[in-house]
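Q: structure of the sequence below:
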Amino acid sequence: MKSAVTRAAMILLTAAAVTLTGAGVAAAGGPGGSGSSSTTSAAAEVQGLRDQLSSRADHGDVAGTQRTLGELDPLLTDLAQGKRYTIQTAARDSAATARQENTKAREGVDELAAQLKSRQSLPPVTTLLNALLQRLLVSLSALVNDLLGGLPVPVG
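A: Next up is the predicted model:
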């Protein structure tokens with residue numbers, strides 16, 4: 001029990017640190033993308049899934065979060081491999097980073113889902129979900145920025 005509380009506290013501290021630095025990381029990006037419609041479409045899809053993740057985490061929807069993380073995996077794989085989409089190297093690197101963060105987030109959310117019934121005196125599910133997803137959300141924002149070539153990214 002003490003271990004679970006310590007782990008939850010560490011997750012919250014990590015999320016706070018990432019949140020404070022997230023704006024700078026999300027704004028940073030490589031040179032412009034290819035400008036193709038498929039790149040724009042991929043950026044829109046990533047942004048939509050990012051927004052779903054954020055919303056579901058805010059509402060404590062663990063099952064919905066798991067589904068969205070599952071939907072992200074093949075898209076991020078396609079972007080990281082550069083086979084389906086013609087994108088800049090920086091965008092592929094961002095996609096690879098986001099894919100790694102997605103894998104970590106999926107593992108954390110799966111663990112949280114398994115512990116939902118037995119958890120006592122832990123922070124609310126919404127807090128834990130937000131903590132688990134912060135790094136992934138920042139990575140997805142950077143990926144959208146790279147795909148759009150530095151164009152402003154609508155948040156919401």
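
Q: check contacts around residue 61.
A: residue 129 (Cβ atoms under 8 Å, 6 or more residues apart in numbering). (Glycine included, C-beta is placed from N, CA and C.)

Q: if we use 7 Å, what do you get?
A: By Cβ atoms under 7 Å, 6 or more residues apart in numbering, the contact set of residue 61 is empty.

Q: go on, residue 115?
A: By Cβ under 7 Å, 6+ apart, the contact list for residue 115 is empty.

Q: mind checking how far it is from residue 131?
A: 14 Å (Cβ to Cβ, to the nearest Å).

Q: what sits against the nearest residue to residue 82 once chain neighbours are set aside?
A: Counting by Cβ to Cβ, 6 or more residues apart in numbering, residue 82 lies nearest to residue 92, which is 5.1 Å off, once chain neighbours are set aside. For residue 92, the contact set (Cβ under 7 Å, 6+ apart) comprises 79, 80, 82.

Q: lowest average confidence, helix or strand, in this protein?
A: Across the helices and strands of the chain, mean pLDDT, DSSP states H and E gives its lowest value to helix 2-27, namely a mean of 40.

Q: the spatially closest residue to residue 58 that is not a sequence neighbour: which element?
A: Spatial nearest neighbour of residue 58, chain neighbours left out: residue 126 (6.1 Å); criterion: Cβ to Cβ, 6+ apart. Per DSSP states H and E: residue 126 is located in helix 125-148.

Q: so the closest residue in space to residue 84 that isn't next to it in sequence is in which element?
A: Leaving aside its sequence neighbours, residue 84 sits nearest to residue 78 (Cβ to Cβ, 6+ apart; 4.2 Å). Taking DSSP H and E as the definition, one finds residue 78 inside helix 62-81.

Q: alright, that wraps it up for me.
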